[in-house]
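Asker: Take this sequence and fold it.
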Amino acid sequence: MTRSRSLVTSFCCSVAAFACLIAPAHAQDSHNRHGPDDSLKVYAVYTVKTRLFKRWVGHGIYLGHGAVITAAHVVGRWPINTNQRVLVAGEEIPASVIKQGKTKETDLALLTVDEARLPVSLRLRLNPVCKAMPQVGAEVVVVNPEGTARSRIISPMSIRAEYRTKYSTVIQDIALTGSGAGVFDATRRCLLGIISHKILMESTASSDQGAKDGPVEYAKYFVPAPTILKFIPAEYRF
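Answerer: Sure thing, here's the model as predicted:
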């Protein structure tokens, strides 16, 4: 009886040990399948320009096939005179501006670089632009080369009335954002938009002296995916 109990105990311990080995492996597989937010950082690059001997650095998002999308005002009005480059993996690669909108209309610019000069880890990637916009309240991931941060899509009713019709896609302001940074759908992991600029929240009243006393609150407007899809050529719509 003692020996039988010992065998049963040994068998149970073995099963438990085996289960312990399986559980972490399964959890790790699940984690890799969904991917941490930082996995999106691979698409984030710096845009660099030089004007009047001064170096200006902005943000951009890699789409694929050597193309980078950013905000038009990041590129500037006279890109042909500013020696445009894309900084990735520590190397500044010369860039050509193949399409540029207007800051107050379609705040987007599309740059291309020599794909052969990109790291293999980026060269083989295609970054899909979302085909549909999520609802208000949906979580998003804001991405630039410094890191990633979570935010939420908020209602245009949250921003000042004079901005609502023009800037209908806004997120809660977070410190990480900057012009040209990417906004990704937190669930589908596709590109939702490109950060353009700050907008005053409705809670910040105006007066003859400016904003009311207390902290000034902002939202961040992003150029949405449908606008990006209309803006970029077909070969960059993945």
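Asker: switch to C-alpha atoms for all contacts and neighbour counts from now on
Answerer: Noted.
Asker: So which bits of the helix or strand harbouring L229 are buried?
Answerer: Under the criterion DSSP states H and E, the helix or strand holding L229 is helix 225-231. By neighbour count, and taking 16 or more other Cα atoms under 10 Å as the criterion, the buried residues in helix 225-231 are A225, I228, L229, F231.
Asker: Then stretch 161-175?
Answerer: Using 16+ other Cα under 10 Å as the burial criterion, the residues of stretch 161-175 that qualify are R164, Y167, S168, T169, V170, I171, Q172, D173.
Asker: Mind checking which of the residues you listed are in strands?
Answerer: V170, I171, Q172 (DSSP state E).
Asker: And those residues, which is closest to T103?
Answerer: T103 lies nearest to V170 out of those, by Cα to Cα, at 16.5 Å.
Asker: Verify the stated contact: that closest one with F222.
Answerer: Yes: with contact defined as Cα atoms under 8 Å, V170 and F222 form a contacting pair (6.1 Å).
Asker: and the two most separated of the buried residues of stretch 161-175?
Answerer: Farthest apart among the buried residues of stretch 161-175 - using Cα to Cα - are R164 and D173, which lie 16.2 Å from each other.
Asker: which other residues reach stretch 59-66?
Answerer: 43-47, 68-71, 74, 112-115, 118, 122-128, 144-145, 178-182, 236 (Cα atoms under 8 Å, 6 or more residues apart in numbering).
Asker: how about it as PDB, C-alpha atoms only?
Answerer: Provided in PDB are the C-alpha atoms of stretch 59-66 (Å, rounded to 0.1, in the frame of the first residue of the first chain):
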ATOM      1  CA  HIS A  59       9.000  61.900 -36.800                       C
ATOM      2  CA  GLY A  60       7.700  59.500 -39.500                       C
ATOM      3  CA  ILE A  61       6.300  56.000 -39.900                       C
ATOM      4  CA  TYR A  62       7.600  53.500 -42.400                       C
ATOM      5  CA  LEU A  63       5.000  52.000 -44.700                       C
ATOM      6  CA  GLY A  64       7.100  49.600 -46.800                       C
ATOM      7  CA  HIS A  65       9.000  49.500 -50.100                       C
ATOM      8  CA  GLY A  66      11.100  52.400 -48.900                       C
END
